[in-house]
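Visitor: What shape does this take:
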Amino acid sequence: MRVSRILLLLVALLAGGLAAYLATRGGGQPDNAPPTQVIQEARAQILVAKTPIGVGERLSDVNLQWQDWPEGALRPEYITAAATPEAITDMKGSVARFEIFTGEPIRQEKLVRSDQGYLSAVLAKGMRGVSIAVTAESASGGFIVPNDHVDVILARNTENGDISETILSNVRVLAINTRLGELGATGAPDDPNNPRAEVFADAAIATLELDPGQAETVANAGQMGKLSLSLRSIVDFAEEPGTSDTQRNAPIRLIRYGLEANVMAGTTSNAGAPSSTDLNGLAQPPVTVTTGVSPVAPLS
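Guide: Prediction:
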């Protein structure tokens with residue numbers, strides 16, 4: 001055997017022995033690091049929505065549940081199991097005034113008790129609920145459902161022919177017949193204890209949320225012709241009516257030849273004027289238009 005191979009073998013043996021020595025040096029296991037202490041945050045149980053709850057939908061044990069919630073994130077309006085352990089039972093039959101999403105805490109401000117009127121509870125302050133008769137043909141094929149926004153169109157006959165005009169813009173639909181709003185699927189079996197929004201196929205009563213001036217406009221327009229609803233895009237829901245809409249929606253009291261009649265703002269009408277046969281030999285005084293109590297300049 002050559003000397004070089006012998007030397008190489010000796011070096012390998014020495015290296016292996018040194019590695020074994022270093023691996024076993026100290027002879028004992030290193031001390032274990034102290035365990036990390038995990039401090040559990042105090043939690044409470046609050047009442048949340050188990051499933052989506054739409055406007056007008058009634059609460060039950062099907063759509064309510066208790067859920068753990070950090071005590072540091074509790075708010076005074078949350079319903080806790082410690083304070084009201086029978087809350088699920090007590091809440092049965094209450095009606096949602098606003099949409100409640102899955103996992104959202106239940107708050108009394110979003111509910112109305114079953115013994116209270118629903119429509120009066122969902123109306124905004126100062127608003128009125130006004131009902132008009134519509135058909136599927138005059139209401140976007142019956143696809144208008146509660147919480148949609150619509151324009152109200154008046155179609156009437158005049159001496160110059162049939163005309164149509166938008167008298168109200170971007171108003172909210174509160175209900176269709178006795179159907180209230182709902183979030184989620186439609187077409188479920190009829191259940192009087194849980195109103196659902198459904199497409200209507202025939203005549204229906206649409207209840208709109210209007211301010212007092214708009215309510216008067218609709219009442220007057222209903223005597224002048226046929227009312228129809230035009231469905232608006234969902235992106236328009238947050239828009240406020242423009243100045244032109246506000247002016248057009250205002251009712252006007254027209255006084256002509258000593259007679260008074262209500263007409264729509266922005267339109268012309270011969271309502272209230274006597275026929276030409278009644279005017280023979282009579283002087284024709286100027287016409288005065290008033291809105292409220294402040295007169296507008298006389299019309300010659």
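
Visitor: For the rest of this, base every contact and every neighbour count on C-alpha atoms.
Guide: OK.

Visitor: Where does pLDDT dip in this protein?
Guide: 1, 26-31, 33, 114-118, 136-142, 178-203, 238-300 (pLDDT under 70).

Visitor: quick one, longest strand in it?
Guide: The longest strand of the chain (DSSP state E) is strand 161-176.

Visitor: Just the buried residues of that one, please?
Guide: 166-176 (16 or more other CA atoms under 10 Å).

Visitor: so what does that strand touch, helix or strand wise?
Guide: When contacts are defined as 3 or more CA pairs under 8 Å, 6 or more residues apart in numbering; DSSP states H and E, strand 161-176 packs onto strand 149-158, strand 204-210, helix 243-249.

Visitor: for those, which one ends up most surrounded?
Guide: Comparing the helices and strands packed on strand 161-176 by mean neighbour count (mean count of other CA atoms under 10 Å), strand 204-210 comes out on top with a mean of 22.

Visitor: can you list the residues that contact that strand?
Guide: With contact meaning CA atoms under 8 Å, 6 or more residues apart in numbering, strand 204-210 is reached by 123, 127-136, 171-177.

Visitor: tell me what the next helix or strand after that strand is packed against?
Guide: Counting by DSSP states H and E, the next helix or strand C-terminal to strand 204-210 is helix 212-224. Helix 212-224 sits against strand 128-134, helix 243-249, strand 251-256, strand 259-264, with contacts defined as 3+ CA pairs under 8 Å, 6+ apart.

Visitor: can you pull up the bridge partners for Ala155?
Guide: Ser164, Lys226 (DSSP bridges).

Visitor: Name the residues of stretch 77-91 that are buried.
Guide: 79-81, 87-88, 91.

Visitor: Save the helices and strands packed on strand 161-176 as TSV, and put in distance to Leu9 too.
Guide: TSV is the format used below for the helices and strands packed on strand 161-176 (distance: least, CA to CA, whole Å):
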stretch	distance to Leu9
strand 149-158	93
strand 204-210	99
helix 243-249	101
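
Visitor: Out of the ones you listed, which gets nearest to Glu104?
Guide: Among the helices and strands packed on strand 161-176, strand 149-158 comes nearest to Glu104, with 25.5 Å by CA to CA.

Visitor: so the closest one versus helix 212-224, what angle?
Guide: Strand 149-158 runs at 40 degrees relative to helix 212-224, counting by axes from the mean of the first three to the mean of the last three CA atoms, to 10 degrees.

Visitor: Tell me the helix or strand right after the one helix or strand Thr89 maps to.
Guide: In this assignment (DSSP H and E), Thr89 forms part of helix 87-91. Later in the chain than helix 87-91, the nearest helix or strand by DSSP H and E is strand 95-96.

Visitor: Can you spell out which helices and strands pack onto that following strand?
Guide: strand 111-112.

Visitor: and the strand it packs on, which strands flank it?
Guide: strand 95-96 (antiparallel).

Visitor: Give me the contact list for the partner strand.
Guide: Contacts of strand 95-96 (CA under 8 Å, 6+ apart): 53-59, 110-114, 118.

Visitor: Distance to Pro35 and neighbour count added to the residues you listed, as JSON lines?
Guide: Below are the contacts of strand 95-96 laid out as JSON lines (distance: CA to CA, whole Å; neighbours: other CA atoms under 10 Å):
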{"residue": "Ile53", "distance to Pro35": "45", "neighbour count": "24"}
{"residue": "Gly54", "distance to Pro35": "49", "neighbour count": "22"}
{"residue": "Val55", "distance to Pro35": "51", "neighbour count": "24"}
{"residue": "Gly56", "distance to Pro35": "53", "neighbour count": "29"}
{"residue": "Glu57", "distance to Pro35": "51", "neighbour count": "26"}
{"residue": "Arg58", "distance to Pro35": "50", "neighbour count": "24"}
{"residue": "Leu59", "distance to Pro35": "47", "neighbour count": "23"}
{"residue": "Lys110", "distance to Pro35": "47", "neighbour count": "16"}
{"residue": "Leu111", "distance to Pro35": "48", "neighbour count": "23"}
{"residue": "Val112", "distance to Pro35": "52", "neighbour count": "22"}
{"residue": "Arg113", "distance to Pro35": "53", "neighbour count": "17"}
{"residue": "Ser114", "distance to Pro35": "55", "neighbour count": "15"}
{"residue": "Tyr118", "distance to Pro35": "58", "neighbour count": "18"}
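
Visitor: Would you format those as JSON lines with distance to Glu216 included?
Guide: Compiled in JSON lines, the contacts of strand 95-96 are given as follows (distance: CA to CA, whole Å):
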{"residue": "Ile53", "distance to Glu216": "34"}
{"residue": "Gly54", "distance to Glu216": "30"}
{"residue": "Val55", "distance to Glu216": "27"}
{"residue": "Gly56", "distance to Glu216": "27"}
{"residue": "Glu57", "distance to Glu216": "30"}
{"residue": "Arg58", "distance to Glu216": "32"}
{"residue": "Leu59", "distance to Glu216": "35"}
{"residue": "Lys110", "distance to Glu216": "30"}
{"residue": "Leu111", "distance to Glu216": "30"}
{"residue": "Val112", "distance to Glu216": "28"}
{"residue": "Arg113", "distance to Glu216": "30"}
{"residue": "Ser114", "distance to Glu216": "30"}
{"residue": "Tyr118", "distance to Glu216": "23"}
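
Visitor: Nothing else from me, thank you.
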